[in-house]
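>>> A structural model of the following input is requested.
(chains A, B, C and D)
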4 protein chains.
Amino acid sequence: MRKLRMGMVGGGQGAFIGAVHRHAAALDGQIEFVAGALSSTPDKARASGRALGLSAERNYGSWEEMLERERARPQGERIDFVSIVTPNHMHYPVARAFAEAGIHVVCDKPLVHTSEQASDLLRVTKRSGVVFAVTYNYTGYPMVREARELVRSGRLGDIRKVIVEYNQGWLAQQLEESGNKQADWRTDPSRSGIAGALGDIGSHAENLMTTVTGLELEALCADLTTFVPGRRLDDDANMLLQFQGGARGLLWSSQVQIGSENDLRLRVYGTRGSLTWHQEDPNALQFFPADGPEQVLRRGNAYLSAAAQRATRLPAGHPEAFLEAFANVYLGAAEAMRAHAEGRAPDPLLADFPTLEDGARGVHFIEKAVESAQSERKWTEARWAAPD
Amino acid sequence: MRKLRMGMVGGGQGAFIGAVHRHAAALDGQIEFVAGALSSTPDKARASGRALGLSAERNYGSWEEMLERERARPQGERIDFVSIVTPNHMHYPVARAFAEAGIHVVCDKPLVHTSEQASDLLRVTKRSGVVFAVTYNYTGYPMVREARELVRSGRLGDIRKVIVEYNQGWLAQQLEESGNKQADWRTDPSRSGIAGALGDIGSHAENLMTTVTGLELEALCADLTTFVPGRRLDDDANMLLQFQGGARGLLWSSQVQIGSENDLRLRVYGTRGSLTWHQEDPNALQFFPADGPEQVLRRGNAYLSAAAQRATRLPAGHPEAFLEAFANVYLGAAEAMRAHAEGRAPDPLLADFPTLEDGARGVHFIEKAVESAQSERKWTEARWAAPD
Amino acid sequence: MRKLRMGMVGGGQGAFIGAVHRHAAALDGQIEFVAGALSSTPDKARASGRALGLSAERNYGSWEEMLERERARPQGERIDFVSIVTPNHMHYPVARAFAEAGIHVVCDKPLVHTSEQASDLLRVTKRSGVVFAVTYNYTGYPMVREARELVRSGRLGDIRKVIVEYNQGWLAQQLEESGNKQADWRTDPSRSGIAGALGDIGSHAENLMTTVTGLELEALCADLTTFVPGRRLDDDANMLLQFQGGARGLLWSSQVQIGSENDLRLRVYGTRGSLTWHQEDPNALQFFPADGPEQVLRRGNAYLSAAAQRATRLPAGHPEAFLEAFANVYLGAAEAMRAHAEGRAPDPLLADFPTLEDGARGVHFIEKAVESAQSERKWTEARWAAPD
Amino acid sequence: MRKLRMGMVGGGQGAFIGAVHRHAAALDGQIEFVAGALSSTPDKARASGRALGLSAERNYGSWEEMLERERARPQGERIDFVSIVTPNHMHYPVARAFAEAGIHVVCDKPLVHTSEQASDLLRVTKRSGVVFAVTYNYTGYPMVREARELVRSGRLGDIRKVIVEYNQGWLAQQLEESGNKQADWRTDPSRSGIAGALGDIGSHAENLMTTVTGLELEALCADLTTFVPGRRLDDDANMLLQFQGGARGLLWSSQVQIGSENDLRLRVYGTRGSLTWHQEDPNALQFFPADGPEQVLRRGNAYLSAAAQRATRLPAGHPEAFLEAFANVYLGAAEAMRAHAEGRAPDPLLADFPTLEDGARGVHFIEKAVESAQSERKWTEARWAAPD
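You can find the predicted model right below:
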């Protein structure tokens, strides 16, 4: 199997998520990291690339340079895809340019700043036909896939209620003024977008909920708060949800909940049963049938669905975690890229990854939550439909 | 120490909570159950009393009879207090009559159907000077008292956020038409009041949150849903909260969350730390200081506050549970009654129990949540002040 | 239902377990505490009795006095049974005397100091026909009864292995010289017997294991250690077990494992499944079938066995704990006593309590473990058979 | 930083642990997999190598061929080290040959079949000066390193007791006759060695215990059982331990404990505190100081030791697991190899990996446990000293 060639934009020295993407892409030996424009500052970009072992000729000073020079390479040598791991504001121009150039895209979340940008990306991508994955990495966990299968199989019955929460505490203090690079851009509207905790982690919560339940949001009522003095974006977002068909929900995301590390949890309640999953204990999934005792489903066992079994590498009891889930997004996108290259339909069990539609829906969700919060925290219609 | 004499209204055959009250009252050997009007049907009342060993002369056919005949007994022989464990609609007339007659009252929650009734009870009780306890039993847990002390001591800093949830699943099906007595009255507005899950268990959540944090509610936005077809009251209540001073909160109570048994949880986040407590694992309290690792505080240890240590009977590791917490409400009320009899101030460490004010605030909370839900689920002002 | 009349020996001021017995006996309203000889010192005995509200005439200065004077009362007024809660060395003479006098006995564990004493008690009791219960209270937990039913039902298949552990840490320091009454007698061979941690809590572990599995011990290899300088009995006991039929086991009990409170755990592994139970989380029982996911069985649910359902008072999610389990031993013995009085066979579902045979087997177990430890820690034959 | 070149022996199609080694070695981008002799059957070896993308010229048919041809390459092009992931019986000849040839070795556990072989390897390795790592991967976990630091720092005081257990259930049935390759060789004495569960996983338990506590074993008493009919090696091993200085311990390893997946747990009790760690929840470490509440230490936090912080890649709450721990062994060995190449002392914080001495001690442990079990399960002296 030919390794796919990855170029990266962003993720240089001092970044956090770039290294995660590189680890994740490398994990299964199907992708090689061959090119990069790792910083918006050319010197820093090249220094980062050198430290990471990029060859000098593909260690670019800017993403524009990378695009131009990679396009100039022969088809069989250029990068197969670009991985965009910059602060949010750069997602749109970079993704648009590469997608338009026929280079597949893996882009971090939240996708872009506005629904207009998202719609434009959908159009461009449809036209060029490239694969576009958004790294909502948490839905890459095998037990999240099992959760989705439990819902799809009807074992939960009709869904009545969803509770999804994403709790962190690392921004309980004013870190953004003290040189913490991660805090700095995430709390800066020009780079992060219109939302803080809501966009950074609330969007993961939305994607997790939607992926597992398949429910479509109808309306929401959001309360966004900035607790830390001087901060420019929300650091705590709480909302009530209403889904098409009548199900209800609670969603919140906070970065000031001290004691919470990366505490993403999902609970789904149906007419026949319920389930609970917790990102910090990701190898387990609790299933509560209405008519019997709780079951604790564990990754790596033969009683799981094919979707869950295909998404795992190690036997039961040999825990997998964040990195493997992240790698599953890359694996899924890689299958779609290979299928694209080979002119075949992708294997649906393998090509299981969050799409551009997921990303666009996430942007719409953020906009609607901000709209609600700014409209006296009223209930706001929040249906999303992909543009034609 | 003289045993206090308890009369009971309600709690006859087929009831659930009456037996709990009797166990709880008996646990510490300070209270004896001597009289009762255990059902609204005289024959059933007397049959229940006989089964429980009440003497024939104090086994009454109605609460009115009990009141009249107990008042007629000499001061040293009559009941010291009445315990009211009927469906909600009977709380008000019974409590009012006994309080007016100078007999102390222990009353189940939610206190009454309306704030007018609550205010009237406050007036009557103030006038007669009796002790009035409301059995918000969950705040009787030692580790809830520890939680309250953690907040009071400042170890959490200023409170920013509260998450309180009370999840049950036993009403996920239509039990009320199939002869389940508990389901029957709880879903009947004429007996239960204007709220279902909200009143039955949401009121516990409100009391737990308020007791631990001391925060005063300013506004709320509530979404009440009835999921089970044919049901006449909400079985799922979700709301956003805003407290005086700016803290935010989420509160929900549901009786259709399959897999949840009696899952009451509280999380409180401050500027310096946070805490988590879970009713189904009541001997532990998680404390998360901002500057160090999580601590798991456990009942029965010397490092706990006096309030927590006084509320316990067994050494660490010998778990206490629901009944002991319930008994703590009775112990607290008993101390207040003894102090009343002896003309002294009660020991504040002992006389630690939910008061009539707590009950009245709970009724106000229910009304405001229903008001919000019925006003297009808008944010609704929800401040409460005790009437003068 | 007539209340049974209980007399108590031991359990006066400063004792721990006496109050537990009184709470447990009182919990269900079937037993009343009417007489006592609560200390070996007559003045202390009477002072304790007064504080607990015993009538002057039945507040005895010694157990001999209690026995004589109660026997002198008319049949319908004397105590139905004696509860013996003294330090271990007094169990034998008191139990023997009351049993011989035809008064039922509830006795704390370990039963007596030697197998000869145990055999004698078995003979005396057989002759007089009294009911004799030993308060191995941990087997009173509903989920322990469920565990026993799981084994009996064959759902675990043939048992291969048992792991039982009882961890405490309170004796990690030399408390016995600093006025801690509990530490004092437990580390004194003249009162405690030949074993320390082994006798005090290891005997509970043995009883739990045997009750749940029904396995008969064949041989053991024990290592007893005294870690705290100056202590006169073991404070840490570790052993390997071999059962008839070939199953293997590990049993240990320690009172120097800092951080352990009252951490009694049982694991049973069979050819078809396994189970795990933990005393500090007693409302749950984990069941692992060989061919499917873990199940978490919870007290109070309809899917449990009749034995587990009969042993509980509160609905699921309303946790029960130590006291209710202890009370179940009293309830079981009470049913046997009533059946005895009424000349009928006891209801086996109710009369479910640890017997004198259990107590005798426990004494034998302690002797064999000490014998092994003192014989160069060799494997020692450990079969037990009730004397003819 | 130059990537180290890895050759692999074993780990072809159908193997489990080979893929783990490759993932682990690749994770940090410091090692590249360039050569292999992936099976004992030349055709299978080459087919496996092709599937994994090895170049034809370094895809060898046998380890002897690999050794010869790699030695023939210029110094700067040959493999830096060999990774040996064969069944146990091939560890010795392969490791010996490469070590003698001056090629560094990473070898799976248990190291070899006999102490004589281990001593020989120690001599050969000392002579040639190569780096030799043994993949006791569980000690690569950051929180295991924290545990070791807790002990070293004295926060546990003097160690009194160690409990280490390694529970699996996958061999509860006779899998070895039904084509399960993993079961097949592990239960075959000619390939696995003199021990089954004891060697396969008990040796991990020994290494974990010794690494964390630093205690030296003095004597042990072992009971080895074969529960599954027809099996040729133990599938359940239970033992008592005695350490130099008087500490006691329990160690067991079983592969017939149904419901256990890969359940390795360690508990260490000292005079001042204790700790607990569990492989299936590896990001947490429970610390119990004698004088305060339990603390839950979590990976990725600033309050941890340098040793724990250096062994991690992701922020707190982003769980790491088995693969990262395994990769830490490779990272440690890689630092030692680089230091060797550069003629400098390795950074002790980085060069933290299980050594050949650890491997030799593990072999000795297995031999002593078997010796005890075969000598009427008597206590057997078990001190180990590295040969001069």
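>>> so where's chain A shaky on pLDDT?
Of all residues in chain A, none has pLDDT under 70.
>>> for A:Asp223, what are its contacts?
A:Ala237, A:Asn238, A:Met239, A:Ala373, A:Arg377, B:Cys221, B:Leu240, B:Gln242, B:Arg248 (CB atoms under 8 Å, 6 or more residues apart in numbering or on different chains). For glycine as for every other residue, the C-beta is placed from the backbone atoms N, C-alpha and C.
>>> packing partners for the helix or strand harbouring the second one?
Element membership for A:Asn238 (DSSP states H and E) is strand A:236-243. Counting contacts by 3 or more CB pairs under 8 Å, 6 or more residues apart in numbering or on different chains; DSSP states H and E, strand A:236-243 packs against strand A:159-167, strand A:217-225, strand A:248-254, helix A:356-374, strand B:217-225, strand B:236-243, strand B:248-254.
>>> hmm, the helix or strand encompassing A:Phe288 in reach of chain B?
In the assignment (DSSP H and E), A:Phe288 maps to strand A:284-289. Yes - legend: contact between strand A:284-289 and chain B by CB under 8 Å from any CB of the partner chain is shown at A:Gln286, A:Phe288.
>>> ok, and what's touching that strand?
With contacts defined as CB under 8 Å, 6+ apart, strand A:284-289 is touched by A:143, A:146-147, A:150, A:155, A:272-278, A:294-299, B:169, B:258-259, C:293.
>>> again, but for stretch A:338-347
Under the criterion CB under 8 Å, 6+ apart, residues A:Met1, A:Leu4, A:Asp80, A:His104, A:Gly129, A:Val130, A:Val131, A:Glu335, A:Ala336, A:Ala351 lie in contact with stretch A:338-347.
>>> with only the CA atoms kept, save stretch A:255-268 in CSV.
In CSV, the C-alpha atoms belonging to stretch A:255-268 read as follows (Å, rounded to 0.1, in the frame of the first residue of the first chain):
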residue,chain,number,x,y,z
GLN,A,255,-13.0,26.2,30.3
VAL,A,256,-13.3,27.6,33.8
GLN,A,257,-14.5,24.4,35.6
ILE,A,258,-11.5,23.9,37.8
GLY,A,259,-10.7,20.2,38.4
SER,A,260,-12.0,19.2,34.9
GLU,A,261,-9.2,18.3,32.6
ASN,A,262,-10.7,17.3,29.3
ASP,A,263,-13.9,16.0,30.5
LEU,A,264,-16.2,15.3,27.5
ARG,A,265,-19.2,13.2,28.3
LEU,A,266,-22.2,12.0,26.4
ARG,A,267,-25.5,10.5,27.6
VAL,A,268,-28.3,9.5,25.4
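>>> return the distance of that stretch from the chain's centre.
In this view, stretch A:255-268 has its centroid 17 Å away from the chain centroid, taken as CA atoms, centre = their mean, to the nearest Å.
>>> same deal with stretch A:37-50?
24 Å.
>>> can you list the buried residues in that stretch?
Neighbour-count burial for stretch A:37-50 flags A:Ala37, A:Leu38, A:Ser39, A:Ser40, A:Ala45, A:Arg46, A:Ala47, A:Ser48, A:Gly49 (criterion: 16 or more other CB atoms under 10 Å in any protein chain shown).
>>> can you map out the helices along the stretch 101-250 of chain A?
For the stretch 101-250 of chain A, the helices defined by DSSP state H, counting those that start in this stretch occupy A:115-128, A:142-152, A:181-186, A:189-192, A:197, A:203-213.
>>> hey, which of these is tucked in deepest?
helix A:197 (a mean of 29; mean count of other CB atoms under 10 Å in any protein chain shown).
>>> any idea how far chain C is from the residue nearest the centre of chain A?
Centroid-nearest residue in chain A, with CA atoms, centre = their mean: A:Tyr136, separated by 1.6 Å. A:Tyr136 sits 27 Å away from chain C, going by CB to the nearest CB, to the nearest Å.
>>> quick one: contacts for that residue?
Counting by CB under 8 Å, 6+ apart, A:Tyr136 has contacts A:Lys109, A:Ser203, A:His204, A:Asn207, A:Leu208, A:Thr211, A:Val329, A:Pro354, A:Asp358, A:Gly359, A:Gly362.
>>> turn those residues into JSON lines, columns for distance to C:Gly53.
Listed next are those as JSON lines, based on distance: CB to CB, whole Å:
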{"residue": "A:Lys109", "distance to C:Gly53": "68"}
{"residue": "A:Ser203", "distance to C:Gly53": "65"}
{"residue": "A:His204", "distance to C:Gly53": "61"}
{"residue": "A:Asn207", "distance to C:Gly53": "64"}
{"residue": "A:Leu208", "distance to C:Gly53": "59"}
{"residue": "A:Thr211", "distance to C:Gly53": "64"}
{"residue": "A:Val329", "distance to C:Gly53": "70"}
{"residue": "A:Pro354", "distance to C:Gly53": "69"}
{"residue": "A:Asp358", "distance to C:Gly53": "70"}
{"residue": "A:Gly359", "distance to C:Gly53": "73"}
{"residue": "A:Gly362", "distance to C:Gly53": "68"}
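>>> of the residues you listed, closest to chain D?
Chain D lies nearest to A:His204 out of the contacts of A:Tyr136, by CB to the nearest CB, at 12.1 Å.
>>> in this structure that closest one contacts A:Tyr138, no?
Yes - look at A:His204 against A:Tyr138 with CB atoms under 8 Å: they come within range, at 5.6 Å.
>>> figure out how far the strand holding A:Asn238 is from the centre of its chain.
Mean-position distance between strand A:236-243 and its chain equals 19 Å (CA atoms, centre = their mean).
>>> partner strands of that strand, parallel or antiparallel?
Next to strand A:236-243 in the sheet, as set by DSSP bridges, lie strand A:217-225 (antiparallel), strand A:248-254 (antiparallel).
>>> return a ChimeraX selection command for the buried portion of the contacts of strand A:284-289.
Here is the ChimeraX command that picks out the buried ones among the contacts of strand A:284-289, judged by 16+ other CB under 10 Å:
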select /A:143,146,147,150,272,273,274,275,276,277,278,294,295,297,298,299 /B:169,258,259 /C:293
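>>> cross-check the contacts of strand A:284-289 against chain D and keep the overlap.
Checking the contacts of strand A:284-289 against chain D (CB under 8 Å from any CB), the matches are A:Arg298.
>>> so which of the contacts of strand A:284-289 sit within strands?
Within those, residues falling in strands by DSSP state E are A:Gly273, A:Ser274, A:Leu275, A:Thr276, A:Trp277, A:His278, A:Glu294, A:Gln295, A:Val296, A:Leu297, A:Arg298.
>>> any chance of CSV for the helices and strands packed on strand A:236-243, columns distance to B:Gln174?
Output for the helices and strands packed on strand A:236-243, formatted as CSV (distance: least, CB to CB, whole Å):
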stretch, distance to B:Gln174
strand A:159-167, 14
strand A:217-225, 25
strand A:248-254, 19
helix A:356-374, 34
strand B:217-225, 15
strand B:236-243, 14
strand B:248-254, 16
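>>> out of the contacts of stretch A:338-347, what pair is the most spread apart?
Spanning the widest gap among the contacts of stretch A:338-347 are A:Met1 and A:Gly129, at 22.2 Å by CB to CB.
>>> how about the top helix by length along chain A: buried residues?
Across chain A, the longest stretch assigned as helix under DSSP state H is helix A:322-342. For helix A:322-342, the neighbour count (16+ other CB under 10 Å) marks A:322-340 as buried.
>>> return the distance of the residue in the stretch 51-200 of chain A that chain C sits nearest to relative to chain B.
Relative to chain C, the nearest point of the stretch 51-200 of chain A is A:Glu146 (10.7 Å; CB to the nearest CB). Distance from A:Glu146 to chain B, counting by CB to the nearest CB: 16 Å.
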